[in-house]
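> would you be able to build a 3D model of this:
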Amino acid sequence: MRKVKKAKRKDMQQIAFTRFMIVVAAFVLWIGGISVRLVHLQVTQHDDLRAKAEGLRTNVKQTRALRGTIYDRNERALAMSVPVKTLYADTTEIVDADATAKAISKVIKVDVPTLKLQLTQAKESNNRFFPIAKKLDGELVDKLNKSLDDPSVRKADLPNFSGLHWRDEQRRSYPNGTLAAQVVGFSNSEDDGKAGIEMSQDEALHGAIIKRVQERDRLGRVYDEETVERDAPSDVVLTLDGAIQNIVEEALAIGVNNAQAKSGMAIAIDPKTGDVLALANYPTFDPNKITNEAAAHVSDNAIQSVYSPGSTFKIVTYGSALERNMFRPTDMIDAGNGSITVAGHEFSDHHTGTMTYAEALAHSSHICAIKTGLRVGKDDFWALVKKMGFGSRTGIELPAETAGIVRSPEKWNGDSLASMSIGYEIGVTALQMTTAFATIANDGIRTQPHIIKEIRHSDEQPKTVTQLEQRQVVTAETARNLRTMMREVVLDGTGKRAALNGYSVAGKTGTAWKFNAASKSVDSSKYISSFIGMAPADDPRIVVAVVMDEPRVGARDGGMVSAPVFSDITQKILTAWNVPTDQPVKQDALIANNTPPAVKPSVPEVPQRDTQGKVLPDRPAPANNKRKDLKKTTEKALQVRDRTTAYLVRSRTRFET
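Numbering: from 1, shown residues only. Below is the predicted model:
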């Protein structure tokens, strides 16, 4: 019996030990499994799990800083960005689309059924960003926050309404409307510049990306925030003067409407610094409202459109001859019978007989200009054309500037030099012509025109200032002689209507038929009429160019259409600047008889070829320009002699003093 009891006791101990070891083994396996799992989670999947954890408590928002501001030279804002908000719906959080639509409609005008349908469709597609009201200002945002306040909703952000959120955005504003619209340009809703300075300086103006990292608790409340900003935007300060720009735009609009012209361009520039003080195109547009109609006027024609300059280009013709000391303004030149044949093509106008070079320019004699150009020769004429900057971009800080059309001498025809001497077979921009006249105003020193004064970095780095590029194109003596000759244009020539009250003016008119690309010939019903001048004549402070495209009523030449606009602009600028007068001041009226008389359109200067060098049909000389008998010719010659004698007396007195 004892042996049996001992055996049973031994068996029970064995069983207990076995069971214990099984439990221990289970614990070991369990702990081992947990350890392996922990190692797997904490080592192998560490990065992924950490990212998930941070994603649950961290909210990253990226917004764009306000785009840089564009100012005029007097710190007047021409373009600026204002903060706005967009109300959007995370449709995965919306419980009742109908209630949401009705709540929103209480503040903003929306069609409830339409919005409900849109929210429902967005919810079905799990759309987490459905914009409802875009770019709202602060006042409307406050109203919506007050209206969309559901006490039963606990949200970390506004509005306190299930599924609705705000997104920070910006809206570009142009506080002066149409002022300098083509220069300033505009940017789209994505903060990308699309025209003007907005486009050319888009990289500098572009709003910086602001990254906000927010730490939130389990209720979504922000308890920590870190902000990182990269590439802060810059402000751009232009050389434009808002007051002068306004003067130029108003005068140009009046001039275009009075002449019923297709369009017009006007530029005001400081000849010594190259600062573009005003650059205007009409018709214009409002960059705050970009419509299909406005899009047609976005182009900056003053730097993008090419035209034949006509007689304004004669400053190159006479300037190249003056550089070679071929004449003095008081020397005589013979226009003959008013016609000249070059390479089988006849050029003619109504000026005949002998006159001074100054009178030839004042009365815009084609024959005298052609004779002068032929004396200069192809090489010297071409050299000054290039030195003046024709055929090359001026380098102004605006997009899409054209270089114009200038053919190299080896591509010229037999009569090309004659045609170019009177401003044909060449295509220029209004800015190129203005710069050429500014060179004469600046004693022959060509200063590169520019429209950016400085670029300011918001991080207080040194300002970027535009550096002046200057070169002597013609001698100071040549420039002074040209100004003397151009002064006669206004005193006793085609530009009388450009005269100012109290200030002397030097300038030149230009009138040219337009080339019709469709018919490949000139259109005698369409003119380009211009006047470019400077004042005061002896020491010019300002150069102003006015170019009218297709004036339709009255006398459509540059002296009648563009010169009065020049007078209006320049008079106001010099008066505003308090520039000392150098001529007697008329107290009763600024300029007498400044309204163009109702006369027949004058005969425009005649092109012999288009800008590609193709031969154009000769213009028949007007019947009233033909001299039918010797008596009339003699009378004309006597008149020219009398004018010449009077001019010589005036000129001798002027040079002696």
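
> how about stretch 174-187, which residues are buried there?
Buried residues in stretch 174-187, counting neighbours by 16 or more other C-beta atoms under 10 Å, are found at 174, 176, 178-187. (C-beta placed from N, C-alpha, C; glycine too.)

> tell me the one of those residues nearest Glu198?
Distance to Glu198 across the buried residues of stretch 174-187 (C-beta to C-beta) is lowest for Gly185, with 3.9 Å.

> can you tell me the closest non-neighbouring residue to that closest one?
For Gly185, the nearest residue in space outside its immediate sequence neighbours is Gly196; the separation is 2.2 Å by C-beta to C-beta, 6 or more residues apart in numbering.

> quick one: contacts for Leu384?
When contacts are counted by C-beta atoms under 8 Å, 6 or more residues apart in numbering, Leu384 is found next to 316, 319-320, 323, 473-474.

> go again with 6 Å.
The neighbourhood of Leu384, defined by C-beta atoms under 6 Å, 6 or more residues apart in numbering, consists of 316, 320.

> element containing it?
Taking DSSP states H and E as the definition, Leu384 sits inside helix 378-387.

> which positions within that helix qualify as buried?
Judged by neighbour count (16+ other C-beta under 10 Å), helix 378-387 contains these buried residues: 380-382, 384-385, 387.

> nearest to Lys272, of those residues?
Closest approach between those and Lys272, by C-beta to C-beta: Lys387, at 18.6 Å.

> wait, doesn't Pro159 sit right on Ser147?
No. Pro159 is not in contact with Ser147 according to C-beta atoms under 6 Å; the separation is 8.0 Å.

> any idea how far Glu124 is from the closest residue to Gln571 other than its chain neighbours?
Closest residue in space to Gln571, ignoring its immediate chain neighbours: Leu500 at 5.1 Å, by C-beta to C-beta, 6+ apart. Per C-beta to C-beta, to the nearest Å, Leu500 is found 73 Å from Glu124.

> what residues go with each domain of the chain?
60-234, 242-626 (automatic domain parsing).

> ok, now which ones touch Pro83?
With contacts taken as C-beta under 6 Å, 6+ apart, Pro83 has the following neighbours: Gln170.

> identify the bridge partners of it.
Counting by DSSP bridges, Pro83 forms beta bridges with Gln170.

> ok, which stretches of the stretch 151-300 of the chain are helices?
181-184, 196-200, 202-205, 242-259, 292-295 (DSSP state H, counting those that start in this stretch).

> nearest to Thr464, out of those?
Closest of the helices of the stretch 151-300 of the chain to Thr464 is helix 202-205, at 8.6 Å (criterion: C-beta to C-beta).

> and that closest one, which residues are buried?
Neighbour counts over helix 202-205 (16+ other C-beta under 10 Å) mark 202, 204-205 as buried.

> now those as JSON lines including pLDDT?
As requested, those are exported to JSON lines (pLDDT from 0 to 100):
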{"residue": "Asp202", "pLDDT": "92"}
{"residue": "Ala204", "pLDDT": "89"}
{"residue": "Leu205", "pLDDT": "91"}
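
> from the residues you listed, which is closest to Ile445?
Looking at those and their distance to Ile445, the nearest is Ala204, at 29.6 Å (C-beta to C-beta).

> tell me who's in contact with the closest one.
234, 455.

> same check on Val579?
Val579 makes contacts with Arg541, as judged by C-beta under 6 Å, 6+ apart.

> state which helix of the protein is the longest.
Among the elements of the chain assigned as helix by DSSP state H, the one spanning the most residues is helix 2-39.

> figure out how far that helix is from the centre of its chain.
If you compare the mean C-alpha spot of helix 2-39 with that of the full chain, they lie 91 Å apart, counting by C-alpha atoms, centre = their mean, to the nearest Å.

> burial of the closest residue to Asp137 other than its chain neighbours, as a residue count?
Take Asp137 and drop its neighbours on the chain: the residue closest to it by C-beta to C-beta, 6+ apart is Val84, 6.0 Å away. Burial of Val84, expressed as a neighbour count using other C-beta atoms under 10 Å, amounts to 18.

> report the buried residues of the host helix or strand of Gly533.
Of the helices and strands defined by DSSP H and E, Gly533 is found in strand 521-535. Taking 16+ other C-beta under 10 Å as the basis for neighbour counts, the residues of strand 521-535 that come out buried are 521-522, 526-535.

> model confidence at Leu87, what's the number?
With respect to pLDDT, Leu87 has a value of 91.

> give me the secondary structure label for it.
For Leu87, the reduced secondary structure class is strand; criterion used: DSSP: H, G, I helix; E, B strand; the rest coil.

> which residues touch it?
With contacts taken as C-beta under 6 Å, 6+ apart, Leu87 has the following neighbours: 132-133.

> repeat the analysis, applying 10 Å as the threshold.
104, 107-108, 130-136, 140-141, 144-145, 148, 159, 161, 164-167 (C-beta atoms under 10 Å, 6 or more residues apart in numbering).

> over to Lys514?
Lys514 makes contacts with 262, 307-308, 522-528, 549-550, 604, 607, as judged by C-beta under 10 Å, 6+ apart.

> which one of those residues is nearest Glu359?
Closest to Glu359 out of these is Pro604 (20.4 Å), distances taken as C-beta to C-beta.

> quick one: buried residues of the longest helix of the chain?
Those buried within helix 2-39 under the rule 16+ other C-beta under 10 Å: there are none.

> for stretch 116-134, how far is the first residue from the last?
17 Å (C-alpha to C-alpha, to the nearest Å).

> which residues touch the helix or strand harbouring Leu119?
Leu119 belongs to helix 112-124 when elements are defined using DSSP H and E. Residues outside helix 112-124 that contact it (C-beta under 10 Å, 6+ apart): 89-105, 110-111, 127-130, 132, 163.

> list buried residues within those residues.
89-91, 94, 97, 100-101, 103-104, 110, 127, 130, 132, 163.

> save those residues as a markdown table, and put in secondary structure and distance to Tyr357 too.
Conversion of those to a markdown table gives the following (DSSP: H, G, I helix; E, B strand; the rest coil; distance: C-beta to C-beta, whole Å):
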| residue | secondary structure | distance to Tyr357 |
| --- | --- | --- |
| Ala89 | strand | 78 |
| Asp90 | coil | 80 |
| Thr91 | coil | 81 |
| Ile94 | coil | 84 |
| Ala97 | helix | 84 |
| Thr100 | helix | 83 |
| Ala101 | helix | 81 |
| Ala103 | helix | 82 |
| Ile104 | helix | 78 |
| Val110 | coil | 74 |
| Asn127 | coil | 78 |
| Phe130 | strand | 76 |
| Ile132 | strand | 74 |
| Gly163 | coil | 83 |
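
> which of these sit farthest apart?
Looking across the buried ones among the contacts of helix 112-124, with C-beta to C-beta as the criterion, the two at the greatest separation are Ala103 and Asn127, at 19.0 Å.

> where in the stretch 501-650 of the chain is pLDDT low?
Scanning the stretch 501-650 of the chain for pLDDT under 70 picks out the ranges 520, 588-650.
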